[in-house]
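[1] What shape does this take:
(4 chains)
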There are 2 protein chains.
Amino acid sequence: MNAVRTQESRRQRAPSKRSLETRARVLDAAEKLFAERGFDGASLRDMAKLAGVHLAQVNFHGGAKEDLFFTVVARRAGELSQLRLQALEDVKARGRPTVRSVLEAFIHPYLDQAAHGGPQWLAYARLIAHVSTDIRWRHISEACFDPVATAFAREIAMLYPGSDHRKIVAALVFSVSAMLSLTTARWRIDALAGAEADGMSMERCLLDYCEAGIRAALS
Amino acid sequence: MNAVRTQESRRQRAPSKRSLETRARVLDAAEKLFAERGFDGASLRDMAKLAGVHLAQVNFHGGAKEDLFFTVVARRAGELSQLRLQALEDVKARGRPTVRSVLEAFIHPYLDQAAHGGPQWLAYARLIAHVSTDIRWRHISEACFDPVATAFAREIAMLYPGSDHRKIVAALVFSVSAMLSLTTARWRIDALAGAEADGMSMERCLLDYCEAGIRAALS
DNA sequence: TATTAATTTGAACGAACGTTAAAAATAGTG
DNA sequence: CACTATTTTTAACGTTCGTTCAAATTAATA
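    All right, here's what the predicted structure looks like:
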């Protein structure tokens, strides 16, 4: 019997503490390798080695490779969504939102977790970029990220009533891509600039860029 | 003996017409599959099948897989660079460049080739996105794309004298990411918008977005 | 046409891959 | 403790992978 169960099959006992720890180690290893090498480049054997478990454990706790990928992406998606929505609520509680404050509520949690959330969150930030740029994982985007993206798009729409909804969505996707580039292409920024840039100033630069971009695209 | 030769080994005969055709078919197939499935997801066997040649021909004309990948990326890089630099020269010949006109000289050739250059160029546009988001292909970026990117960064720098060079580069990378998202994530725009958007209006929207973003990041 | 280089064909190598199955060990329950 | 569900271990399956090599074929040259 398999730990990844269909919804109708119910277990009779709660998973043991050791089982939960093993599962967490497997998912952490999968997260790191999926992020570094992509879905096809990451092997279950390397995950098992990195997690310090046997190969079959990866299948036991993660199911088939595609299911494991989904599980890993979905695991932290809820927390990230909650951080973003909470930041958005905080903004709205402080007065009328602006493009800047709404954008910051979307972008800051991502960059903050990537910078200060530990190596697992840094890997997860990279993983999101894989999902967001491969139509193969469209269903994962729909399940894990689109609800929050839609909420933020609606929020921006309220700031620009009557503007083309496709333009709002496009500007948001442009902003997401620019944001992800700080995870996937910082090496390129450093190479072209001939020096390493610190994260804080890059986040401000990104926010300046995206805010003005959105405003321009919608007017 | 191998068709992919080191620089010091010189062939004694020019390649035959049939050989050149075979090589082109192999590179076209590799381009399509690398673009669709990434480096690890694309197999040499599928390329051979798609090209209608035998497996060993892929190695003969492309060398090892990594060399084939580089060859495919480099093949059209020169033409794209030339289109961009020519557009930039045209802009400068017309008078003092603006952020908008410089940006358009960089972005339009890419989107135009992707839209009207045929299926191979569409695949190549996707391929560039793979190279640009994976540090593993850093050397390919440096060889194929960084020279032109540097030229455009310098051009923007002339429009904003005294501004932080790291900010210029960052804003350019953000713009490249947004541009690439029209190739890698249009499905997401369509999904979030609930409708398909036409390319022309998306290009204008992208240019509006990037122009304002660059201006804001540099002031 | 004879000779030689270039190219194509055909076959196989060893390695790594995802997945599965059954036995062994563990942990929770009565 | 006895019993049972869960988890771990061990081993192997069949497939696909990139790469290599030698023979066969094609094309160009002298």
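
[2] what is the orientation angle of the host helix or strand of residue A:210 with helix B:199-218?
    Residue A:210 belongs to helix A:199-218 when assigned by DSSP states H and E. Put simply, helix A:199-218 runs at 140 degrees to helix B:199-218, going by axes from the mean of the first three to the mean of the last three C-alpha atoms, to 10 degrees.

[3] Are there helices or strands packed against helix A:199-218, and which ones?
    Counting contacts by 3 or more C-beta pairs under 8 Å, 6 or more residues apart in numbering or on different chains; DSSP states H and E, helix A:199-218 is packed against helix A:99-116, helix A:165-184, helix B:165-184, helix B:199-218. (Glycine included, C-beta is placed from N, CA and C.)

[4] Now do the contacts for residue A:87.
    By C-beta atoms under 8 Å, 6 or more residues apart in numbering or on different chains, the residues touching residue A:87 are A:104-106, A:108-109.

[5] Nearest to residue A:199 among those residues?
    Among the contacts of residue A:87, residue A:108 lies closest to residue A:199 (C-beta to C-beta), at 11.6 Å.

[6] thought that closest one was touching residue A:203?
    Yes - contact status for residue A:108 versus residue A:203: in contact at 7.3 Å, counting by C-beta atoms under 8 Å.

[7] If you count surrounding residues, which of the two has more?
    Per other C-beta atoms under 10 Å in any protein chain shown, whichever of residue A:108 and residue A:203 has more neighbours is residue A:203, with 19 against 16.

[8] Just the pLDDT for that one.
    On pLDDT, residue A:203 comes in at 98.

[9] Under the pLDDT cut-off, which ranges of chain A? List them.
    Applying pLDDT under 70 to chain A flags the ranges A:1-10.

[10] Just give me the residue closest to the centre of it.
    residue A:128 (3.9 Å; C-alpha atoms, centre = their mean).

[11] Contacts only, for that one.
    Applying C-beta under 8 Å, 6+ apart, the residues contacting residue A:128 are A:73, A:110, A:145, A:180, A:183.

[12] which one among those residues gets closest to chain B?
    Among the contacts of residue A:128, residue A:180 lies closest to chain B (C-beta to the nearest C-beta), at 7.0 Å.

[13] What residues does the closest one make contact with?
    Residue A:180 touches A:125, A:128-129, A:132-133, B:177, counting by C-beta under 8 Å, 6+ apart.

[14] Switch the helices and strands packed on helix A:199-218 over to JSON lines; also include distance to residue B:154.
    Compiled in JSON lines, the helices and strands packed on helix A:199-218 are given as follows (distance: least, C-beta to C-beta, whole Å):
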{"stretch": "helix A:99-116", "distance to residue B:154": "28"}
{"stretch": "helix A:165-184", "distance to residue B:154": "21"}
{"stretch": "helix B:165-184", "distance to residue B:154": "9"}
{"stretch": "helix B:199-218", "distance to residue B:154": "14"}
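
[15] Mind putting these into TSV with distance to DNA strand D?
    What follows is these, written out as TSV (distance: least, C-beta to the nearest atom of the strand, whole Å):
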stretch	distance to DNA strand D
helix A:99-116	28
helix A:165-184	23
helix B:165-184	22
helix B:199-218	32
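
[16] Output the helix holding residue A:210 as CSV, restricted to C-alpha atoms.
    Taking C-alpha atoms only, helix A:199-218 is exported to CSV below (Å, rounded to 0.1, in the frame of the first residue of the first chain):
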residue,chain,number,x,y,z
GLY,A,199,19.2,42.1,-2.6
MET,A,200,17.6,45.0,-0.8
SER,A,201,18.5,47.6,-3.5
MET,A,202,17.5,45.1,-6.2
GLU,A,203,14.1,44.7,-4.6
ARG,A,204,13.6,48.5,-4.6
CYS,A,205,14.8,48.7,-8.2
LEU,A,206,12.3,46.0,-9.1
LEU,A,207,9.4,47.7,-7.4
ASP,A,208,10.2,51.0,-9.0
TYR,A,209,10.4,49.2,-12.4
CYS,A,210,7.2,47.2,-12.0
GLU,A,211,5.1,50.0,-10.5
ALA,A,212,5.9,52.4,-13.3
GLY,A,213,5.4,49.6,-15.9
ILE,A,214,2.0,48.7,-14.6
ARG,A,215,0.9,52.4,-14.4
ALA,A,216,2.1,53.0,-18.0
ALA,A,217,0.5,49.8,-19.4
LEU,A,218,-2.9,50.7,-17.9
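
[17] Buried ones in that helix, by neighbour count?
    Of the residues in helix A:199-218, A:202-203, A:205-218 count as buried by neighbour count, 16 or more other C-beta atoms under 10 Å in any protein chain shown.

[18] and what of stretch A:56-73?
    Of the residues in stretch A:56-73, those buried under the neighbour-count criterion (16+ other C-beta under 10 Å) are A:57-63, A:65, A:68-73.

[19] so which of the contacts of residue A:180 is the most crowded?
    Using other C-beta under 10 Å as the neighbour test, the contacts of residue A:180 are led by residue B:177, with 28 neighbours.

[20] Ignoring the adjacent residues along the chain, who's closest to that one?
    residue A:181 (3.9 Å; C-beta to C-beta, 6 or more residues apart in numbering or on different chains).

[21] Kindly report the residues of chain A close to DNA strand D.
    Counting by C-beta under 7 Å from any atom of the strand, chain A comes close to DNA strand D at A:1, A:3, A:11-13, A:15-16, A:18-19, A:22, A:53-57, A:60-61.
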